[in-house]
Every structure is written in C-alpha cells, then in structure tokens.
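# Got a predicted model here, sequence first, then my questions.
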Amino acid sequence: MTSTLRDAIYALRKARLGLERRRLDYGRETDERAERLAAVLPASIAELREYEREYDSLEWFHDAYADRVAEIHEAGVATDTTHWRDGATLYVVCRALEVETAVETGVLFGSFDAHILAAMERNGGGTLHAVDLPGGPPGRFDYGHLIPDRCRDRWRLHRGDAREVLPALLERVGPLDLFLHDSDHRLPHMRFEYETALSHLESGGVLASHDVRLSRLFDRFTEENGLQSCVVCDTGIGRQSR
Ligand SMILES: C[S@@+](CC[C@H](N)C(=O)[O-])C[C@H]1O[C@@H](n2cnc3c(N)ncnc32)[C@H](O)[C@@H]1O
C-alpha cells in the first residue's frame, strides 16, 4: 500500500473517531473504569475504586496540573493533549501494579507522563522512559510541560523516532511493567510498537495504548497474543497473564 493511500485511510479513521467520540458516554466510561480494569488487573473493584478516590484527592498534583493546563490552553496549543480521564486510568493501573519500569511513546505536553509519574511518586519508586521526536511541542513549551516538578526526577526523555529509539531502549531498560503507545497512530506504526514492546514485557506486565477506537488493531493484537484486555474511554489496557 502506498503511503498516500495509508495517510488517506488514517484521515478517514480519524474523522470517524471524532464522530464516535461525540456519541461516547464518557461519564459511563469513567463510572465503569474500576469494573473493567478488575477483569484485567490483579486487583478487586473496591481496591481500584480506592485508587480512583486517592487520585481525586491528590491536591499537590491537581494544583500543579491545572495551572499548566491553563497555560497551554491560554496559548491556544492544547489540541492534541490527552484528556485527564485517560491519565487517571493510567494512574490506577500504575498504583495497582506498583509499576517500576515504564516506557511511553508520544509525550507532547506530557498528560499521560504526569499521571504515571504521580502514581510512581505514591508508589515510592519507579522510572518512566518517554520517547518523542526531535523538536518539541508547539508554542513556547517543552515536552512534558504538564509534569509537576515534584515527580519530574523519575522522568527520562529520549528524543528520536520511536522506530529507531525503541528497540535499543527496551533492550537496555526492560523488562517492562508497562508500555504505553501514544505516538504515531497509523496502523503499521502502532503494530510495530505493540510487537516491539510485547517481547520486552515483564510477566504480568501491561501493554497500554491510546486512541484504540481508531481501528480494531488493539483488540485483535491482544486477542492474538493471549492478553486480557479492556478499553476505558479512549485507552486500551492489555495484560499478559503470569
Ligand atoms: C497525541 S500526541 C501525544 C499526547 C501525549 N501522550 C499526552 O499525554 O498528552 C502524539 C505525540 O507523538 C509524537 N510522535 C509522532 N510520531 C512519532 C514517532 N514516530 N516517534 C516518536 N514520537 C512520535 C508527536 O511528536 C506528538 O508529540
């Protein structure tokens, strides 16, 4: 398939996703987060709800995060930032699994990063390796602007195309408790990241992906590889059984 055709299909999928998002009941999605995650993670619904309450009450986090979100909104550049409700899902996952080693692709302003790092702060340990292209986000901001100073020392930024950076990075820092994809959502790239990450996951580790409603790829990939999975809002969570 030519890259022009691939780009056209991707644009079509994005437009369809936009329509689907308007129909999706995000209130219900978040209400059912704990139930859906309990089918995948080694934690009860009650324990997962407790992590959700803990997230809601993290004042130091919400104060810093809200100030920085306001800055990027005021500058008019917040468009591609991942919503906090998806970040909250990652917070719960990282608390439930006490994630130590995590790798994420696609940082931009770092909404996911901020949530993963807040969970690591509560866990009392862990490192997040984050990969994004050379350059930076729009406006006067750096990658990871939303990350509160309090948990920034657990963050390592790797600049480069994930295709080039990931294989050696995963070899060096793996096995991983968590891999999160949120970079290039064209299918060949998503499949490349899922496949590369899967072989470096710790037993019981999580393969997570944003924007899984763009296609059936995440569902198919997790099924073919024997991962238990669920989708909450726009984020897919798949876990290898031990
Ligand atoms: C949707 S944004 C990520 C949003 C972010 N995860 C958040 O929490 O707000 C996508 C990011 O992926 C990056 N990206 C796109 N293609 C990439 C690639 N091949 N390798 C690494 N990063 C890539 C872009 O530069 C952009 O910052």
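The structure has been received and is ready for your questions.
# Thought Tyr26 was touching Asp234, still the case?
No. Using C-beta atoms under 8 Å, Asp234 is not in contact with Tyr26, being 9.1 Å away. Every residue, glycine included, has its C-beta placed from N, CA and C.
# Of the two, which one has the most company?
Higher neighbour count among Asp234 and Tyr26: Asp234, with 23 against 13, using other C-beta atoms under 10 Å.
# For that one, what are phi and psi?
phi -110, psi 10 (degrees, to the nearest 10).
# center of this structure, which residue is that?
Leu180 (4.5 Å; C-alpha atoms, centre = their mean).
# For beta bridges, what are the partners of it?
Beta-bridge partners recorded for Leu180 (DSSP bridges): Glu104, Ala208.
# list the contacts for it?
Contact analysis of Leu180 by C-beta atoms under 8 Å, 6 or more residues apart in numbering lists Leu90, Ala102, Val103, Glu104, Thr105, Phe112, Ile116, Ala208, Ser209, His210.
# Just put those in a markdown table and tack on neighbour count, pLDDT and distance to the ligand.
Below are the contacts of Leu180 laid out as a markdown table (neighbours: other C-beta atoms under 10 Å; pLDDT from 0 to 100; distance: C-beta to the nearest ligand atom, whole Å):
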| residue | neighbour count | pLDDT | distance to the ligand |
| --- | --- | --- | --- |
| Leu90 | 29 | 98 | 9 |
| Ala102 | 30 | 98 | 13 |
| Val103 | 28 | 98 | 12 |
| Glu104 | 25 | 98 | 7 |
| Thr105 | 29 | 98 | 5 |
| Phe112 | 29 | 98 | 4 |
| Ile116 | 29 | 98 | 9 |
| Ala208 | 27 | 98 | 11 |
| Ser209 | 27 | 98 | 11 |
| His210 | 26 | 97 | 6 |
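# Contact residues of this protein facing the ligand?
Counting by C-beta under 6 Å from any ligand atom, the chain comes close to the ligand at 80-82, 105-112, 131-133, 161-163, 182-184.
# Sitting in strands, which of these do you find?
Of the residues of the chain next to the ligand, the ones assigned to strands by DSSP state E are Thr105, Val131, Asp132.
# Please name the residues that touch the second one.
What it means is Val131. 103-107, 157-160, 162, 165-166, 169, 183.
# Of those, which is the nearest to Leu201?
Within the contacts of Val131, the smallest distance to Leu201 is 10.1 Å, found for Val103 (C-beta to C-beta).
# which among the residues of the chain next to the ligand end up buried?
81-82, 105-112, 131-133, 162, 182-184 (16 or more other C-beta atoms under 10 Å).
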